[in-house]
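Colleague: give me a model of this one.
(chains A and B)
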Amino acid sequence: MKLPLLLFALLLGMCAIIGIALLSEPPDNNHGVTHPRFAESMLHGGDGRQRHETVRWLGLSYGALQIVFFVSCLVLGIREPSRCKVAFVLCGVVYLATFCLMVVADRSYVVSENPELFLGFPLPTAMMLYGLSGAPLLFLLIYVVQFDRWILNPEELQRFEELLREKRERKGSGQ
Amino acid sequence: MEESRNLIVLVCVSLYMGSCVVIGLWAMRRTQSASDFFMAGRDLGVMVTAMAVFSSTLSGFGFVGGPGLVYRMGMSSVWMVICVSIGFCFSFYLLGKRLRLFAEIRKSVSLPDVVAARYRSELSRFLSSIAIVCGVMAYLAAQIKAMATVLQDLVSRNSSISDLSLEQCVAISCAVLVFYCVTGGIVASVYTDLFQGMIMVVAAILVCFTAAGAVEGGFPEMSRTIMEDDPEAIGPWGTLGMLGCLSWYFLFVLGASGQPHIITKIMMNRRVTDAKYILPVSLLGYALSALLWISIGLAMRTLVLQGRHPELANADAAAPAFLQSYANPILAGVVFAGLFAAIMSTADGFLNVGAAAIVHDIPRSIRGRPLKRELLWARVATVVLALAAAAFSLSSPDKLVALLGTFGWGTFAAALVPVVAIGFNWKRATALAANVAIISGLTINFGVLLLKRQGLVLPYSLSGESVALLVSLTLFFLISLLSQPQPLDPDVEAVMEM
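Modeller: Just a heads-up that it's a prediction; the model follows:
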C-alpha cells in the first residue's frame, strides 16, 4: 500500500472513532466533575472505572491509530523509505507497545485499592511521563545519526547548491 | 530578605525588560532590509535557532496556563508536554530540510511565500496569510493576557502601586514587547529568544527543586495526597478523561508543524544540515523548561488539598501564587523574569509572522507585488497588531489563558499542518486541497469556538481544535487523491525530490 493511502486510511479510522464518540451517550462524569471541596478552581475525576469502561477500547484504538499515523508521517520526510523501513517499524512497535501497556496498566490502576508508586507516580502515569515521552527519542536518534544518509546526503546537497548557482546565473544573465 | 521580596522580584523583572530593550537597540543596527526584519538574513547559528525554536514553543500558555491546568485537571494537561518529543521529531522530519531548502531557493521571507511557491497559487498564499493573522490574534491575545495577569499580580503585592488595572498592565507589557520587535524585527526576536530561553531553563530547574521541597516528601508525597483525594487526577488521563487527553495529544503532536512562529525559525538557520543539531538542543531546552509546568501545578494542588494554602481564586494564579509564597525571593525574581521571557519570546514571533502576512503576503496575493517601503510598513503593522491583540485579550470572555492559547494553537494547526507538513513532502498534494484544508480548518475552529460560547461542550471533552485538524487533514488527502496532480515549478520539484 502506498504511504499516502495508508495515511488516508488511518485518518478515516480516526474520523470513525471520533464520530462514534460524538454520537454515543457519554457517562455522567465523562470529562470530570466539579471538585466537592474546591469547586472554584479544581475538577475531580470521579470513578475512573465507570467513566472509562465503555470507551477504553475506543481510546486504545484512537491512540494506536495516532501513533501509527505519526510514525508513518515521519517516513514521508525520508529520502528512500525502503532503506530505513526496518528501523522505523521497530521504533514504531516500541512506541505503540508503550502506549498499549500504559492503557493496560491504567485498567489495573483504576480498580486497585492501594496502587504502588513507580518513580514518584502511579505506574500508568509513570509510563506516560517517562515511557510515552521517551519512546519517540528513538526517532530523534535516527534523525541525528542518519541525517546524512536518510534525510539529506552530501550528493543531494551538492545538487542543491548547483541548482542555486544556476538560478543565480540565470538571474544575472537576465533570463 | 523576605520583607523586600516584592522589590527584589520587581527589580529582576525590570532588569529583564531593560535587557530586552537593549537587545532591541542592538538588533536595530543589524536590520537593514525586509529580509533582515523577517528572516534574520538566514544566518542564524545552531544555538540561537534551537533556543528560538523551543522558547517560541513554550509560551505564556505553558508557563502560566500550564501549571494552572495541572492544578485544575491533574495530569490531563501533561499530555501537551509529553507530546513534544514526537512533535518536534514530526516538525523536523517533515520540515527541517524541506522548508529550509524552499526558503533558500525562492528567497522566501515568510511561510505564505513558500506555500505560494509550492502550490503555484496566490489564493493559497492569501488564505494561509489570513489563517496566520487569525491565529496570531488569538494566540497573541493569550500571551498578552498572561503577561498582564502576572504583572498585575506582582504589582498588587506592592503597596505603593497596588492600584494598577489590568488595562495598565497590558499597556506596560505591550510597550516593551513592541519596542524591541519594532526596532530589531526578527533579529531582536531571536536574540532575545536566546536570552529568554536560557532564563527559562535555569528558572524551571530551580522551580522543580523548590516545588519538591515545598511539599514534605517531594513528588511521591504529592502523588499520594492527590491520589487519596482523587485517583483519577494523578492517573494518566487526569480529570479530563482518556479521549479528551488523546485529542490533545493529536492536536499538539501534529500542531507544532503548523505554528508559523516556530517553523519560520527553521528557515533562518545558516546551513540546512544544522537541523540535526537544532532538533536535540531545542527538545532538551523544552523538556527542562516544562518541569515548571508540571511541578508547580502538582505542588499547588497538593498544598491546597493538604490545607496548607487557601484555594486559588482561579487556576491561572497557580504559578504566581506558588512563586510568591514558596520560592526564595531571588529565585522568585528569576522565575518571574523567566515567565515574562516565555511569554515575550512567543509573542515577538507572532508579531513578526503576523506583520509579514499583513505587509508582505496579503498585498502580494492581491496586487501581485509587495508594498513599497516594506520595512517601514512592517514596523507599523507590528504596532497595529500588538494593539489589536491587546484589545482582543481585554475583551475576550475566556477566563483561562491556556484555553485561549489552545484555540490559537488549534487555528494554526487545523489550517496549516496539512498544507505545510504534508503538502511539502507529497508531490501529489494540490492547491485545491490546500485551499479547502485551510478554509475548513478555520471554519470548524471558529464554529466550535462560537458553539463553546453558547455553552456547548463536546462529549468526553474532545478538543474542538483537534476535530478541526482531523477534518482538514482528511479533506486534504481526499481532495488531493481525487483531483488531477498539478505540474510543479522545476526548482520546487527538484527540492521535493531531495
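
Colleague: and the residue nearest to B:Trp409 when sequence neighbours are not counted, what helix or strand is that in?
Modeller: Closest residue to B:Trp409 in three dimensions, ignoring its sequence neighbours and counting by Cβ to Cβ, 6 or more residues apart in numbering or on different chains: B:Gly255, at 5.4 Å. C-beta: built from backbone N, CA, C; applies to glycine. Secondary structure from DSSP states H and E places B:Gly255 in helix B:242-255.

Colleague: what sits against whatever residue of the stretch 151-300 of chain B ends up closest to chain A?
Modeller: Proximity of the stretch 151-300 of chain B to chain A (Cβ to the nearest Cβ) peaks at B:Glu232, 2.4 Å away. By Cβ atoms under 8 Å, 6 or more residues apart in numbering or on different chains, B:Glu232 lies in contact with A:Gly32, A:His44, A:Gly45, A:Gly46, A:Gly48, A:Val110, B:Gly74, B:Gly238, B:Thr239.

Colleague: one more pass at 7 Å, please.
Modeller: By Cβ atoms under 7 Å, 6 or more residues apart in numbering or on different chains, the contact set of B:Glu232 is A:Gly45, A:Gly46, A:Gly48, B:Gly238, B:Thr239.

Colleague: could you dump these to a markdown table with distance to B:Ile226, neighbour count and pLDDT?
Modeller: Putting the contacts of B:Glu232 into a markdown table (distance: Cβ to Cβ, whole Å; neighbours: other Cβ atoms under 10 Å in any protein chain shown; pLDDT from 0 to 100) gives the following:
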| residue | distance to B:Ile226 | neighbour count | pLDDT |
| --- | --- | --- | --- |
| A:Gly45 | 10 | 29 | 89 |
| A:Gly46 | 14 | 20 | 84 |
| A:Gly48 | 13 | 23 | 81 |
| B:Gly238 | 10 | 27 | 93 |
| B:Thr239 | 11 | 28 | 92 |
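
Colleague: tell me which of those residues is nearest to B:Asp348?
Modeller: Lowest distance from B:Asp348 to the contacts of B:Glu232 (Cβ to Cβ) belongs to B:Gly238, with 31.7 Å.

Colleague: which SS state does that closest one fall under?
Modeller: coil (DSSP: H, G, I helix; E, B strand; the rest coil).

Colleague: from B:Ser289, how far out is it?
Modeller: Here B:Gly238 is placed at a distance of 21 Å from B:Ser289 (Cβ to Cβ, to the nearest Å).

Colleague: B:Asn435 and B:Ser124 touch, don't they?
Modeller: Yes - using Cβ atoms under 7 Å, B:Asn435 is in contact with B:Ser124, at 5.8 Å.

Colleague: give me the more crowded residue out of those two.
Modeller: For B:Asn435 versus B:Ser124, the count of surrounding residues by other Cβ atoms under 10 Å in any protein chain shown is larger for B:Ser124: 26 against 20.

Colleague: which ones are touching the more buried one?
Modeller: Residues in contact with B:Ser124 (Cβ under 7 Å, 6+ apart) are B:Val115, B:Ala116, B:Ala431, B:Ala434, B:Asn435.

Colleague: ok, and the closest non-adjacent residue to the first one?
Modeller: The one in question is B:Val115. Spatial nearest neighbour of B:Val115, chain neighbours left out: B:Ser128 (4.7 Å); criterion: Cβ to Cβ, 6+ apart.

Colleague: verify the stated contact: B:Val109 with B:Ala357.
Modeller: No - applying Cβ under 7 Å, one finds B:Val109 not in contact with B:Ala357, separated by 11.0 Å.

Colleague: what is the burial count for B:Met498?
Modeller: B:Met498 - counted by other Cβ under 10 Å - has 18 other residues nearby.

Colleague: against B:Lys427, how distant is it?
Modeller: In terms of Cβ to Cβ, B:Met498 sits 12 Å off from B:Lys427.

Colleague: next one: B:Gly96
Modeller: From B:Gly96 to B:Lys427 the distance is 19 Å (Cβ to Cβ).

Colleague: who's more crowded, the two?
Modeller: Comparing B:Gly96 with B:Lys427 by other Cβ under 10 Å, the one with more neighbours is B:Gly96, at 27 against 16.

Colleague: contacting residues for the more buried one?
Modeller: The neighbours of B:Gly96, taking Cβ under 7 Å, 6+ apart as the test, are B:Ile266, B:Ala275, B:Leu279.

Colleague: mind listing what A:Ser72 touches?
Modeller: A:Ser72 neighbours (Cβ under 7 Å, 6+ apart): A:Leu3, A:Leu6, A:Leu7, A:Leu10.

Colleague: ok, and the closest non-adjacent residue to the second one?
Modeller: What it means is A:Leu6. A:Ser72 is the one closest to A:Leu6 (Cβ to Cβ, 6+ apart), at 5.8 Å.

Colleague: pLDDT score for the one you found?
Modeller: For A:Ser72, the model assigns a pLDDT of 95.

Colleague: and it, that one's in a helix?
Modeller: Yes - assigned with three-state DSSP, A:Ser72 falls within a helix.

Colleague: quick one: it from chain B, how far?
Modeller: Going from A:Ser72 to chain B by Cβ to the nearest Cβ, to the nearest Å gives 11 Å.

Colleague: what does A:Thr98 give?
Modeller: With distances taken as Cβ to the nearest Cβ, A:Thr98 is found 11 Å from chain B.

Colleague: element containing that residue?
Modeller: Using DSSP H and E, A:Thr98 falls within helix A:85-111.

Colleague: list the buried residues in that helix.
Modeller: Residues of helix A:85-111 classed as buried: A:87-88, A:91-92, A:95-96, A:98-99, A:102-103, A:105-107, A:109-110 (neighbour count, 16 or more other Cβ atoms under 10 Å in any protein chain shown).

Colleague: low-confidence ranges in chain B?
Modeller: Residue ranges of chain B with pLDDT under 70: B:1-3, B:33-42, B:60-61, B:158-162, B:184-185, B:396-405.
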